[in-house]
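**Q** predicted model and sequence below, questions to follow.
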Amino acid sequence: HVQLVESGGGSVQAGGSLRLSCVASGYIPSNYCLGWFRQAPGKEREAVAVINRVLGRKLYDDSVKGRFTISEDKEKNTVDLQMDSVNVEDGGTYSCAAGSPPCELHGQFNSWGQGTQVTVS
């Protein structure tokens, strides 16, 4: 059973940066995908970034390309999301998730963290 715990959320001014981190515990198959998702009030949850742990391939939603970076530290069992040049539309609850391949933005993610709040003003 995989447990995921996010941290690093908070308030940031538009144009600023924030780094989110997710620690995974329990067994995660080496071929599993890790991803970050966000949900703004009144909106559906959307995929932000996904990483293929085997190939190291990274996928990003068009809205964050060039601004956000997903990275993994396999020794620490963490997956981070570096958020740069944030804007108001980036606000919401960010959750990390793990799931089986194929590693796509709309893939099958079945383990979720509780989420961390990001507010952009």
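**A** Good, I have the coordinates.
**Q** for Ala98, what are its contacts?
**A** By CB atoms under 8 Å, 6 or more residues apart in numbering, the residues touching Ala98 are 2, 4, 24, 28, 32-35, 109-111. From N, CA and C alone the C-beta is placed, and that goes for glycine too.
**Q** save these as TSV, and put in distance to Ser71, neighbour count and secondary structure too.
**A** Formatted as TSV, the contacts of Ala98 follow (distance: CB to CB, whole Å; neighbours: other CB atoms under 10 Å; DSSP: H, G, I helix; E, B strand; the rest coil):
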residue	distance to Ser71	neighbour count	secondary structure
Val2	19	18	coil
Leu4	16	22	strand
Ala24	14	21	strand
Ile28	16	18	coil
Tyr32	16	20	coil
Cys33	14	25	strand
Leu34	10	26	strand
Gly35	12	26	strand
Phe109	18	21	strand
Asn110	22	11	strand
Ser111	19	17	strand
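**Q** flag the least confident of these.
**A** Lowest pLDDT of the contacts of Ala98: Ile28, 85.
**Q** that residue reaches Leu4, doesn't it?
**A** No. Taking CB atoms under 8 Å as the definition, Ile28 is not a contact partner of Leu4, at 9.4 Å.
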